[in-house]
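Chemist: What follows is a predicted protein model with its sequence.
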Amino acid sequence: MNINFFNQRLAFRLGFAGLIPFVLLSLGCWLVHPDWLGYLIKAQLAYGIAILSFLGGIHWGAALTVKLLTIDQTKRALIWGVTPSLIALLASRIEIGVGFAVLMAGFIAAYQIDKRLYQWYDIPGWFIGLRFKLTCVVVSALLVTFLAANVRS
């Protein structure tokens, strides 16, 4: 079996598996008794914070291993690598409704910036396509949870 094909299949499987908590928590916010709603909302926010923080890691790995980056590209990659974590920290420290907005903006910004920076790392084109699909589902799930928090509370 071609190792690149295996890596692509595994990346898709793991990426979509990572969406399961987002989707289940969003659905749960509409299905559970309102007494439980707060727990699901906080869980969704916490999971979003963890995953957004995770997105910066690839830039650190690339900056430390890709040999063809310029000094400026390396600096940009390392600085951006910590930025999603800082956005996630901000989302955790403010009112929940605004926290969801910050998370959604953070995921969209991460995708937009990654789309440009991934070109430096020679990452296969299918990966940014995967990131787009994952980002769409994540932002939608966060929005659905935010709506449930405002409609059902």
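Modeler: Yep, that arrived.
Chemist: quick one: contacts for the residue nearest the centre of the chain?
Modeler: The residue lying closest to the centre of the chain (C-alpha atoms, centre = their mean) is L52, at 4.1 Å. For L52, the contacting residues are 84-85, 87-88, 91, 103, 106-107, 110, by C-beta atoms under 8 Å, 6 or more residues apart in numbering. For the C-beta atoms, the positions are set from N, CA and C on the backbone; glycine is no exception.
Chemist: for stretch 63-71, what is the average pLDDT?
Modeler: Per-region confidence: stretch 63-71 scores 92 on mean pLDDT.
Chemist: ok so, going back, quick check: the residue nearest to the centre of the chain vs A46, distance?
Modeler: Noted for L52: a distance of 11 Å to A46, by C-beta to C-beta, to the nearest Å.
Chemist: try W120
Modeler: Plainly put, W120 is 32 Å away from A46 if you go by C-beta to C-beta.
Chemist: neighbour-wise, which of those two wins?
Modeler: Neighbours of W120 and A46, each counted by other C-beta atoms under 10 Å, are more numerous for W120; the result is 18 against 15.
Chemist: what element comes up after the helix or strand containing the more buried one heading to the C-terminus?
Modeler: Secondary-structure assignment from DSSP states H and E places W120 in helix 96-121. Once the chain leaves helix 96-121, the next helix or strand it forms, by DSSP H and E, is helix 125-152.
Chemist: buried ones in that following helix?
Modeler: Buried residues in helix 125-152, counting neighbours by 16 or more other C-beta atoms under 10 Å, are found at 127, 130-131, 134-135, 137-139, 141-142, 144-146, 148-149.
Chemist: now this structure, which segments are flagged as low pLDDT?
Modeler: Regions of the chain meeting the criterion pLDDT under 70 cover residues 1-3, 6.
Chemist: Try it again at 80.
Modeler: Regions of the chain meeting the criterion pLDDT under 80 cover residues 1-6, 153.
Chemist: Contacts only, for I41.
Modeler: 29, 96, 145, 148-149.
Chemist: swap in L117?
Modeler: Listed by C-beta under 8 Å, 6+ apart, the contact set of L117 reads 59, 62, 76-77, 80.
Chemist: Those residues in helices, which ones?
Modeler: Mapping these onto helices (DSSP state H) picks out 59, 62, 76-77, 80.
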